[in-house]
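**Student:** this is the structure alone, sequence omitted:
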């Protein structure tokens, strides 16, 4: 070991003192450098050689005990009893002395103790060991100073150890000792990397020690105490890599507990500052002389605890911070925060200290606000909430309090709407007092609407400062009772999302609606967090404008945004939009999955008034799949009463009515549809796609045998749709065909089939093919009937419409093969444009002759195209071809496809 050289030096000094040449040795080293361990080993060697060893150890707890260190020296049981008695009598006389004569009596005590020690050295060599003399009481120090002057011609070896962090006030003894001719000064330097390896090898083995020695030396600075502790932690954990654990923490605290108070204060400040400042900052924070702080830092660095004004291991800093008394920790963190703010450090750094400080002053408000903004940019929502929650209302002006509360409501609404609701009362007071800005008023209003506080929202909209928000299409469409008869005005009238939603309600402005919606969605990447109302309005505009695929793609892109991913509310609502899109595309499994996922991301009780949408989507999907009991269970969920005053209630009632219709509760269904009719007309929402109540009511009337009433409603629906709304028109046309004369039915179904090819609604298309199959069977064209039936079954199975495909494959009927997977992009793109056109018509059940006539090619050419299609797609027959629209991968192909007739039956 590297300490052997120092031990050998001490043995040499002992030999020197045996000859009557008294020696005093001062041994210095950093805290934890191994001084105590070295003294213990030397004491054993000295005692074995026949010397009498007297030892004492200083401690912080006993530094004010009068003559406490001298009392320890005379505790050796090998001392003659009379010597011990004499020493105690001398020290007792000092305790009885009058304080005014204390100085004179100290000299008499020092002389008496010195005489006693010199008498002992006449009989055998005497070794006096004093460890950590920097903690010695004043009287003991004076006595030691007296003795060391008088041992030059005796057989006494006095060894005093002193920490490198010894206080300047106790340095007199140090100076006195060093200048004596019989004095020696020995130092214990930190362990080298090789010395660290030797320590580690004792517990971990030579190979592991050699591998970890460098890292361990960097972590401990060669401090033996810390090195032994790390070796113990690694050994206990069975780790093959360096592990700092409980032993290391205890060693760090042990180093500090054996250090002077000013050094402990400095170490604690270093732990709190954590590398964010230097000596000058620490001096300002601690209100200490910078030279003293610099000296303390040097000592801590020499002891292996810190490096570059930072603890070498975070676990060390954490345990030192953890030992701080609570009040002292808060005060120190506030001092650090103020200093760092004055130094221009980042707001987030300063704000973290303010959080730990627990209180704020006026200067801290901009810091906390800026830190919250930065946290939101980094998607650290919890941190942003913590920063904004810290200031107390009484420490802010009313406008500041309003701004902080509004921002909190906005943020928490994205993550925990229930928590945001608890702040609406305070926000309402700020609004009433005129302290809310216009953007904050918008957030307040939307939160009121979400949480169903509709009377309060109505009152807010009646105020001049908020009446402009009545023009928001989000309010007018989904909360028409709140918007009332107020005219659209203000800045929200001109927002792109409002324009998009408004334009999408009119088929004349489809392109304008699409452009406005795209503009809103593209801008989401330019702002901190997309606004829920703006995003959903734009997505709904795309859907109502007949672009569900585009809406679905935008949903996927939005869900990839980090800001959306960290916002459960946004993520849940966008996921539910995907459920609505899936229903429009006839993908019932996806609709159920997305609706359930939306209700899982954000529990139903947190959805507020919007809960009607995901529940409606889920009930619709389950009903169409024939899972009626599950749908009924979802309808038993409790929903807020306020939902009944919103357009979400119309969606919910429509879904419930359709469920009643599917389960033969026809009068209950009609009652729901009648309620939808009344509210839709009252709220000016009687839109054929937004609320298609006529279509649903007509189906109920048809089931009840009221064919005339059904036809009347369906013709009204067709007129309202117009041919521009292709999907709605085709769905209504198919329903009208069901209640029309047979001679009128076939043309209607043909037209519906043609239009549904462009909409990608597998559910409705399956119903059309089922009806076409029935028509063909009635006409005696059984080949066409079977072809149409197969296509209907394939589509029904692919979208999960179990009731439909089971009705088409009754017991005993030949089993129909499962629908093949749609061709991949690669496979469909491998087909030429001509092959795609032929495949599309063939998948619709057309004969080769009919395909040739439609495309103006020969039957032989049709057969050649189909042969190549089967080979490229690895299929055997035309019934394995998916529905025709899947083949049209380019707009140009669509234009080349004849549209005037899809099926000629």
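**Tutor:** Happy to help now that I have it. Owing to the predicted nature of the structure, the values given are computational and were not obtained by experimental measurement. Numbering: from 1, shown residues only.
**Student:** make it CA atoms for all contacts and neighbour counts henceforth
**Tutor:** Fine.
**Student:** surely residue 696 touches residue 658?
**Tutor:** Yes. With contact defined as CA atoms under 8 Å, residue 696 reaches residue 658; the gap is 6.9 Å.
**Student:** how is this structure carved up into domains?
**Tutor:** 4-189, 397-488, 824-905 (automatic domain parsing).
**Student:** out of the ones you listed, the one nearest residue 197 is which?
**Tutor:** Of all the domains of the chain, it is domain 4-189 that lies closest to residue 197, at 15.7 Å by CA to CA.
**Student:** and the helices in the stretch 601-750 of the chain?
**Tutor:** Counting by DSSP state H, counting those that start in this stretch, the stretch 601-750 of the chain has helices at residues 612-624, 628-635, 648-662, 666-682, 693-703, 707-721, 726-738, 742-756.
**Student:** just checking, what packs against the third one?
**Tutor:** On a contact count with 3 or more CA pairs under 8 Å, 6 or more residues apart in numbering; DSSP states H and E, helix 648-662 meets helix 612-624, helix 628-635, helix 666-682, helix 693-703.
**Student:** give me the mean pLDDT for the third one.
**Tutor:** Model confidence over helix 666-682, given as mean pLDDT, is 96.
**Student:** what's the angle from that helix to helix 693-703?
**Tutor:** Relative orientation of helix 666-682 versus helix 693-703 (axes from the mean of the first three to the mean of the last three CA atoms, to 10 degrees): 160 degrees.
**Student:** now do helix 666-682: everything it contacts.
**Tutor:** By CA atoms under 8 Å, 6 or more residues apart in numbering, the surrounding residues in contact with helix 666-682 are 650, 653-654, 656-661, 686, 691, 693-694, 696-697, 700-701, 703-704.
**Student:** likewise stretch 235-252?
**Tutor:** Contacting residues not belonging to stretch 235-252 are listed as 203-204, 208, 212, 215-216, 225-226, 229-230, 232-234, 305, 315-316, 319 [CA under 8 Å, 6+ apart].
**Student:** average model confidence for that stretch?
**Tutor:** pLDDT averaged over stretch 235-252 gives 90.
**Student:** give the buried residues for that stretch.
**Tutor:** 235, 242-245, 247-252 (16 or more other CA atoms under 10 Å).
**Student:** contacts for stretch 214-233?
**Tutor:** By CA under 8 Å, 6+ apart, stretch 214-233 touches 32-34, 190-193, 195-196, 199-200, 203-204, 242-248, 251-252, 301-305, 312-313.
**Student:** follow-up on the earlier one: go through the helices of the stretch 601-750 of the chain and name the closest to residue 150.
**Tutor:** It's helix 612-624; of these, that one is closest to residue 150 (CA to CA) at 95.3 Å.
**Student:** tell me what that closest one is packed against?
**Tutor:** Counting contacts by 3+ CA pairs under 8 Å, 6+ apart, helix 612-624 packs against helix 568-584, helix 588-601, helix 628-635, helix 648-662.
**Student:** low-scoring stretches of the stretch 501-650 of the chain, by residue?
**Tutor:** Applying pLDDT under 70 to the stretch 501-650 of the chain flags the ranges 501-509, 526, 528.
**Student:** about what we covered before: mean neighbour count, the helices of the stretch 601-750 of the chain: which tops it?
**Tutor:** helix 612-624 (a mean of 27; mean count of other CA atoms under 10 Å).
**Student:** tell me the angle of that helix relative to helix 648-662?
**Tutor:** Angle, helix 612-624 to helix 648-662, by the same axes, to 10 degrees: 10 degrees.
**Student:** which parts of the stretch 401-550 of the chain are helices?
**Tutor:** Under the criterion DSSP H, counting those that start in this stretch, the stretch 401-550 of the chain carries helices at the ranges 417-421, 424-432, 438-450, 454-461, 473-478, 480-483, 496-504, 510-522, 532-544, 548-560.
**Student:** off-centre distance for the fourth one?
**Tutor:** Same thing as helix 454-461. On the basis of CA atoms, centre = their mean, to the nearest Å, helix 454-461 sits 34 Å off its chain's mean C-alpha point.
**Student:** I'd like the average pLDDT over it.
**Tutor:** Helix 454-461 comes out at a mean pLDDT of 93.
**Student:** list the contacts of it.
**Tutor:** Contacts for helix 454-461 (CA under 8 Å, 6+ apart): 445, 448-449, 466-470, 482-483, 642.
**Student:** go through those residues and name the one nearest residue 50.
**Tutor:** residue 448 (90.7 Å).
**Student:** roughly how far does the nearest residue to the closest one once chain neighbours are set aside sit from residue 432?
**Tutor:** In this structure, residue 448 finds its nearest non-sequential neighbour in residue 457, 5.9 Å apart by CA to CA, 6 or more residues apart in numbering. Residue 457 is 12 Å from residue 432, where distance means CA to CA, to the nearest Å.
**Student:** mind checking which of the two has more residues around it?
**Tutor:** In this view residue 457 and residue 432 are compared by other CA atoms under 10 Å, and residue 457 has more residues nearby, 20 against 11.
**Student:** measure that one to residue 604 for me?
**Tutor:** 22 Å.
**Student:** same check, this time on residue 198
**Tutor:** 64 Å.
**Student:** same question for residue 598.
**Tutor:** Distance, residue 598 to residue 604, by CA to CA: 9 Å.
**Student:** tell me which of the two has more neighbours.
**Tutor:** More crowded of residue 598 and residue 604, by other CA under 10 Å: residue 598, with 28 against 19.
**Student:** show me what contacts residue 441?
**Tutor:** Shown in contact with residue 441 (CA under 8 Å, 6+ apart): 431, 466.
**Student:** these two touch, right, residue 385 and residue 374?
**Tutor:** No. Using CA under 8 Å as the test, residue 385 is too far from residue 374 to be in contact (11.8 Å).
**Student:** and the domains of the chain: which comes nearest residue 582?
**Tutor:** Counting by CA to CA, residue 582 lies closest to domain 824-905 out of the domains of the chain; the figure is 16.4 Å.
**Student:** OK, contacts around residue 362?
**Tutor:** By CA under 8 Å, 6+ apart, the contact list for residue 362 reads 395-396.
**Student:** pretty sure it sits in a helix.
**Tutor:** No. Assessed with DSSP: H, G, I helix; E, B strand; the rest coil, residue 362 is coil; it does not lie in a helix.
**Student:** where does the prediction get shaky in the stretch 101-250 of the chain?
**Tutor:** Using pLDDT under 70, the stretch 101-250 of the chain drops low at 101-105, 165-173.
**Student:** residue ranges of the strands in it, please?
**Tutor:** Assigned by DSSP state E, counting those that start in this stretch, the strands in the stretch 101-250 of the chain fall at 126-131, 156-163, 183-188.
**Student:** point out the most buried one among the ones you listed.
**Tutor:** strand 156-163 (a mean of 26).
**Student:** not counting its own residues, what contacts it?
**Tutor:** Identification of contacts with strand 156-163 by CA under 8 Å, 6+ apart yields 13-14, 17-18, 20-31, 35, 118, 121, 125-134, 148, 259.
**Student:** got the contact list for the closest residue to residue 858 other than its chain neighbours?
**Tutor:** Distances taken as CA to CA, 6+ apart place residue 852 nearest to residue 858, at 5.3 Å, with adjacent residues excluded. Residues near residue 852 by CA under 8 Å, 6+ apart: 858-859, 861-862.
**Student:** phi, psi of residue 852?
**Tutor:** phi -60, psi -40 (degrees, to the nearest 10).
**Student:** distance of it from residue 746?
**Tutor:** 22 Å.
**Student:** how about residue 565?
**Tutor:** The value you get for residue 565 to residue 746, if CA to CA is used, is 49 Å.
**Student:** coming back round to it: which of the contacts of residue 852 fall within strands?
**Tutor:** Using DSSP state E to define strands, no part of these is located there.
**Student:** re the thing from before, could I get the contacts of helix 454-461 as a markdown table with neighbour count?
**Tutor:** Formatted as a markdown table, the entries for those read as follows, by neighbours: other CA atoms under 10 Å:
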| residue | neighbour count |
| --- | --- |
| 445 | 23 |
| 448 | 22 |
| 449 | 25 |
| 466 | 18 |
| 467 | 19 |
| 468 | 21 |
| 469 | 27 |
| 470 | 26 |
| 482 | 23 |
| 483 | 25 |
| 642 | 17 |
